[in-house]
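Novice: let me see the structure of the following:
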Amino acid sequence: MLEVLPGIGLDRARFGESRSSHRERLGSYKAFERVPGAGVTDIYEDGMVMLSYDELDRLVFIEIGGETVVLLGGVQLTGRPLGAVLEELTQGGLPVGFDGDSSYAISSTGVELFTSSPDDINEAPRGVSVTPTGQSGQLAS
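Specialist: Got it, this is the predicted structure:
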């Protein structure tokens, strides 16, 4: 289970922390380069948590996929129907906006939910991305 801390990162990996501290703290990882010249991303927990870093090896982007349970302010974002997640977030005062493609941005948190079937509210989100508050969830390529 992972807890998202808006503007901070995760309970186990915070924005601005170094790659080496995450490698020590989080254990076994694999590293890959998304796009030539874009820098190395580390993958933890059998490919379910990806951490991306800037040129100084400080954490700047987090992606979580698969069956990993992700929480935001007590709301479980993954492993349950998208409609229930969106309703609970909205009731909790966190408006959610759809990007018109495949993701839902949770207002002012830096968190986005990804789905392969945005029209199917009974399908669970497929992934979560986390950025420092106010930044886009997309990495520059």
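
Novice: can we go C-alpha only for contacts and neighbour counts from here?
Specialist: Noted.

Novice: dump the longest helix anywhere in the chain to PDB, keeping only the CA atoms.
Specialist: Longest helix in the chain by number of residues (criterion: DSSP state H): helix 82-91. Only the C-alpha atoms of helix 82-91 are listed here, as PDB (Å, rounded to 0.1, in the frame of the first residue of the first chain):
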ATOM      1  CA  LEU A  82     -13.600   4.400 -11.200                       C
ATOM      2  CA  GLY A  83     -17.100   5.800 -10.600                       C
ATOM      3  CA  ALA A  84     -16.800   5.100  -6.800                       C
ATOM      4  CA  VAL A  85     -13.400   6.600  -6.700                       C
ATOM      5  CA  LEU A  86     -14.500   9.800  -8.500                       C
ATOM      6  CA  GLU A  87     -17.600  10.100  -6.300                       C
ATOM      7  CA  GLU A  88     -15.600   9.700  -3.000                       C
ATOM      8  CA  LEU A  89     -13.000  12.200  -4.100                       C
ATOM      9  CA  THR A  90     -15.600  14.800  -5.100                       C
ATOM     10  CA  GLN A  91     -17.600  14.300  -1.900                       C
END
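
Novice: quick one: the strands in the chain?
Specialist: Using DSSP state E, the strands of the chain run over 2-5, 9-10, 29-33, 40-44, 49-53, 59-65, 70-72, 75-76, 96-98, 103-106, 111-114, 127-130.

Novice: and the residue lying closest to Ser52 once chain neighbours are set aside, how far is that from Leu82?
Specialist: For Ser52, ignoring the flanking residues on the chain, the nearest one in space by CA to CA, 6 or more residues apart in numbering is Thr41 at 4.6 Å. As judged by CA to CA, to the nearest Å, Thr41 and Leu82 stand 28 Å apart.

Novice: tell me which of the two has more neighbours.
Specialist: Leu82 (25 against 21; other CA atoms under 10 Å).
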